[in-house]
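Novice: take this sequence and fold it.
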Amino acid sequence: MDCNTVTLETLSQCFLATLSPLPEPRRHAESTIATAADQPGFSLAVIRLISAPSAIDDQIRHAAAVNFKNHIRSRWSPSNPPTRDGIPPHSPIPDQEKEQIKNLIVKCMLSAPLRVQSQLSEALSVISSYDFPKLWPNLLPELVCAIKSATDYTVINGLLGAVNSIFKKFRFTYGTTDIRLDLKYCLDNFAAPLLEVFLRTAGGIVNAVSSGGGSPEILRRMFESQRLCCRIFLSLNSVELPEFFEDHMREWMTEFRIYLTTMYPAVIETDGTADNLRAAVCENLQLYMNKNEEEFKDYLSDFTSAVWTLLMTPSTSGSRDRLTITAIKFLTTISTSVHHSLFASPEALQQICHSIVFPNIRAQDEDEEMFEMNYIEYIRRDIEGSDMETRRRIVCELLKGIAVNYREQVMAIVVAHVQTMLSSYLSKPVENWKDKDCAIYLVVSLSTKKASGQMEAAHLIDVVNFFASAIVPELQSHDVNAAPMLKAGALKFFTVFQSQILKQNSVLFISDVIRFLGSESNVVHSYAANCIEKLLILKDNGLPRFSSSDITPFVQSLITNLFKVFQFPESQENHYVMKCVMRLLSVVDISDEVVSPCIGHLSMMLSEVCKNPKNPVFNHYLFEAIAALIGKSCEKNPTLITVFESNLFPVLQSILVNDITEFWPYAFQLFAQLVEISRPPLAQNYMQLFELLLSPDSWKRNANVPALARLLQAYLKKVPNELNSQGRLTQVLGIFNKLISQSSTEELGFYVLNTVVENLNYDVILPYIQNIWNVLFTRLQNQRTVRFIKSLLIFMSLVLVKHGHLVLVDSVNVVQANLFRVILEQVWIPNLQSITGFVEMKLAAVASTKLMCESSSLLDDSAVQVWISMLENIVSLLVKPEQDRVFEDTDVPDISENTGYTPSFVRLRNAGKKEEDPLKEIKDPKEFLVSSLASLSANTPGKWSSVIKIHLNANNKAALHEFCSTYNRSIV
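Specialist: Next up, the predicted model:
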C-alpha cells in the first residue's frame, strides 16, 4: 500500500466513517479497513496518517491510533496461533515494514495529542514485548536521548509512560537468565537517567511550590512525572536490589520521605495528584521491606513514622483509597517482621487502632453508594473475598498483623471498641446504625478458619452471646427494608458463624431469613438467599445438619419468596438467589403439587434468558435447578416425566433450532436425563433427537462433545435394539473413531464404546470388533497417553467380564497372532496399579483375576513370570489406600464468576449419570481374588502356593496372607 496523499485521504474518510452512529456506513468503513489491513504497508500508512499535520481531525487521528494499536497487537508476532475455530491467523507484518515502524513510532508519539499518545504507547509496549531489547537495540538510547532533551512535561511523561510499559514485565516474572540479561541491559542504560530526571523534577517541584508561582497544570504534570519514575523504580527493583539503586538509595529515599511528609498546594492535594504519587512511593517502600529488608532497615523507623502520620492526617482529597491501602500494607508488613517492636508501646497500639484501623473500617460514602448502585460488585467484595484491595479489609489485615505479636493488648482494645459501638447504637439506633455495622464487620473480618473449616471469632467475643444480643434483633426486625446495610451485616454474620450456632437455634430463625428475601435491597435479599443456601449444605461430622424433613415445613414459603425475588429490579438474573433455588431443589423432597408451578417458573425463565444470554453464572445455576428438580421428583414419581417434557421440550428444542450455542451442552445434558428417566419405547420427539445426535455435524463443536457423549450413552442404554436398524451402530462407531482420535476427547470415546459393550449382545458387536481393535491399537502405537492406556485397560476388562476371557483373547489375536500376550505384558500388567475409582478398580481387579485363574495362556508353565507379575499388580492395586484410588465428587457444583460466553462444556452435577457397577454380584474384589486362587490351587495342589512363596514380594505376600485370613480361604 503506497503512502500517497490519495491513500491517506481514503483512510482518513474510512476512520471518520467508523465513528458514524449509522450502522451501514460504519460497517462499510470497517470492512474496507479490514481488507486494507491485509496489504503490506498498511501499518505504515496508518502511522503516517497519525503523524500528519494538525489539519487532520483529532477524532480521525485517535481512531487511526486505536486501529494501529490493535493491528500491531494481532499481527506483530511471527507465529500467531489459529483461532478457536481453526481459522488461520492474520498474516504477520513483514520484517522490513516492522523496522520502518520502529524508526517512526517514538517520534510520532512525541508529537501526538495526549489521547493519541496513550494508544501509541500501548502499541510500543506490544512491539517491545517481542523485540526489546535484542531486536530493537536503539529503542532505549532513543528514549533516553529524548527524555534528556525534553523540557515539556507532556512529552517527558509520554516517554516515561512508554518506558514504564516496557519495563513492567519485570514486576511479574521470575529471575531467569534471559530476564536478568534484559534487566541488566535496562539498568545499564536507564538507571542513571531515571535518577537524573527524578532529581531534576524534584527540584522543579520545590522551586514551583516555594515561589508560589507556576501553573497548577504544570505542577500536576511534574507530580505525574515523579509518579511514573516511581513506577519504573518498582519495575527495575522487582527482581532483586540492583547495585546502582543500592549505591544511590539515600537520594531516592530522601525524596520519597519528602513526598510523604510535605503538604502541597490545595490544587494538588484536593484532586488526589499528591496522593497518587504518595501511593506509588508506599508501594516502593513495601517492595523494599519485602525484598531488601537488611539494606532498608536504616530508613525504616523514619518511614514508619511518616506513613503512620500521613494516615492520621486529615485529607482534602475526595478519595485516597489507593494511598490508604498501599500505606497500610506497608505497616502490615512491618507488624509481622522482626521490626514489630516499632508498634510495641501501649500508646502506639491505641493510636493505630483508634486513628487508623477503626476509622477505616467504618462504612464510607462510597461503600453506601456501591451498596445501592452496584450490588454485584459490593457482594463480590464483601462475601466473595475480592475485597483485599479495599480499605475496610486491609485495615483488618493490619490488625491481624499486629495481633501476631501483641494479641492480648490488641484484642482488649478491639473488644472495648466493639462494646462502645454497640452501646452507641443502642442509644440512638437510627442515627448510629453505622456503629453497629462497624462492630459486626470487625468481628466477622477478624474471624479465622479452623482446621475443621468452621469459623471462629479470633477470641474476640462469645459468638453465641453476640448472635443473641446483636444479630437476633436485626433478624427479627419487622421492617426488612430499614437500615439495609445493617441487615446485610447481620445476615452475613449468621452465614459465617452458622456452624457455631446450635441446630435447634438456627431453625428458629429460618423463617426470619426467608422474610428478608422480600427486602427491596438487592444486597439484603441476595445475602438472605446466600445464608439459606449455606445452611442447606452445612455439615456436622460429615453429615448434613439439616435433613429434608427439617426443611420441609419451610419449602412452600421458600419457593414462593425465592421466585418473587426475580421480580425485583436488577435481580431478574440474580445468581445468588438461583443458586439457593438449585440447592433447595437438590436437597429437599418436593411434593408433586409443587413440581408443576416450579418447573413452570424455571422453564419461563429459561425462555427469557435464551433471548439474550448474558449472565453465565446465573444460567448455570438455572440449568442445575432444572436438573435437580427432574432428578429428585422423578426418582420418587417417574410419571412426572410428562410434566417436564411438556414444559421443557419447547424451550430446549428452540435452543437447538435457534443455534444458541452456549446452551447446547446444557440442553443435551437435560435431554440425557429425560431419556434415562423415560420408559421404552421412547416418544417420537426423542427418536428425532437421536437422529440429530448420530449426525457427524453435531459433533463438530468441541464444547458439545462431552454432553453429546453423555446423551448417546443414555440412548444406547435405553434403546440398544435401535442400533440394529438403519446402520446406526456404524454411525455410533464412526463417532467413537472421531472421539478416540484426539487426546482431548479420547476418554469420551471410551465412554461410548463401553456403553455399546455393556448393552449389546456380542453377536451384534462381532462384525465390528476387529475394526475396533485396529483403531485402538493404532492409536496406542502412535499416541500413547496415560489416560488412554487406563481407558483401554478398563475397556478390555469390561469385554472380559461381559463376554468371557476367550472372546477377549481370541478377538485381539485375530488382529495379529499372539498380540494379546504382548498387550498383556507391555500394557495391562505395568499399568494395572494406575487405575482409580472404586468401580473401575473392582472391574480391573476382577478381570485380571479371571485372566490369571481361567486363561490357558497364563496358566501354562512357560507363563509363570507373567502370572506372578499379574498377581503382584492385582495385590498392589487392592492394597492402595482408599483416598489414592477414589475420586471425591464435590457436594458443591460451582462455576467461576469470571466465566465468559465462549461456548464451553460445564457439567451439570444434578444431571449427572449415576455410575453403574457392571459387577454388582461381586461385592469385594479382594474376596474374589483369594476365592479364585483357592479354587485354582485346589485343582493342582502345591503348584501355585509354591510359585507364590518363591516369587511374590514380601509385602504383597503378607497382604495376600491377610486377605486369606480375612475371608477364610486357603491357597494349597
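
Novice: CA only for contacts and neighbour counts going forward, please
Specialist: OK.

Novice: just checking, next helix/strand downstream of the least confident helix or strand in the chain by mean pLDDT?
Specialist: Least confident element among the helices and strands of the chain, by mean pLDDT, DSSP states H and E: helix 882-885 (a mean of 52). Counting by DSSP states H and E, the element after helix 882-885 in chain order, helix or strand, is helix 925-939.

Novice: hmm, who's touching that following helix?
Specialist: 842, 845-846, 849-850, 853, 878, 922, 943-945, 960, 963-964, 967, 969-972 (Cα atoms under 8 Å, 6 or more residues apart in numbering).

Novice: count of neighbours near Ile948?
Specialist: Using other Cα atoms under 10 Å, Ile948 has 18 neighbouring residues.

Novice: who does the host helix or strand of it touch, helix- and strand-wise?
Specialist: Here Ile948 is covered by helix 943-951, with elements defined by DSSP H and E. Judged by 3 or more Cα pairs under 8 Å, 6 or more residues apart in numbering; DSSP states H and E, the packing partners of helix 943-951 are helix 864-878, helix 925-939.

Novice: for the last one, list the C-alpha coordinates in PDB.
Specialist: Once non-C-alpha atoms are left out, helix 925-939 reads as follows in PDB (Å, rounded to 0.1, in the frame of the first residue of the first chain):
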ATOM      1  CA  PRO A 925     -12.600 -57.800  44.700                       C
ATOM      2  CA  LYS A 926     -10.200 -59.000  47.500                       C
ATOM      3  CA  GLU A 927     -12.500 -61.800  48.400                       C
ATOM      4  CA  PHE A 928     -12.900 -62.700  44.700                       C
ATOM      5  CA  LEU A 929      -9.200 -62.800  44.300                       C
ATOM      6  CA  VAL A 930      -8.500 -65.200  47.200                       C
ATOM      7  CA  SER A 931     -11.600 -67.400  46.300                       C
ATOM      8  CA  SER A 932     -10.400 -67.700  42.700                       C
ATOM      9  CA  LEU A 933      -6.900 -68.500  43.800                       C
ATOM     10  CA  ALA A 934      -8.200 -71.100  46.300                       C
ATOM     11  CA  SER A 935     -10.300 -72.800  43.600                       C
ATOM     12  CA  LEU A 936      -7.300 -72.700  41.200                       C
ATOM     13  CA  SER A 937      -4.900 -74.200  43.700                       C
ATOM     14  CA  ALA A 938      -7.300 -76.900  44.700                       C
ATOM     15  CA  ASN A 939      -7.100 -78.300  41.200                       C
END
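
Novice: pull out the buried positions in that helix.
Specialist: Of the residues in helix 925-939, those scored as buried under the neighbour-count criterion (16 or more other Cα atoms under 10 Å) are 925-937.

Novice: could you dump the residues you listed to JSON lines with distance to Phe494 and pLDDT?
Specialist: Output for these, formatted as JSON lines (distance: Cα to Cα, whole Å; pLDDT from 0 to 100):
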{"residue": "Pro925", "distance to Phe494": "47", "pLDDT": "95"}
{"residue": "Lys926", "distance to Phe494": "48", "pLDDT": "95"}
{"residue": "Glu927", "distance to Phe494": "49", "pLDDT": "95"}
{"residue": "Phe928", "distance to Phe494": "51", "pLDDT": "96"}
{"residue": "Leu929", "distance to Phe494": "52", "pLDDT": "96"}
{"residue": "Val930", "distance to Phe494": "54", "pLDDT": "95"}
{"residue": "Ser931", "distance to Phe494": "55", "pLDDT": "95"}
{"residue": "Ser932", "distance to Phe494": "57", "pLDDT": "95"}
{"residue": "Leu933", "distance to Phe494": "58", "pLDDT": "95"}
{"residue": "Ala934", "distance to Phe494": "60", "pLDDT": "94"}
{"residue": "Ser935", "distance to Phe494": "62", "pLDDT": "94"}
{"residue": "Leu936", "distance to Phe494": "63", "pLDDT": "94"}
{"residue": "Ser937", "distance to Phe494": "64", "pLDDT": "93"}
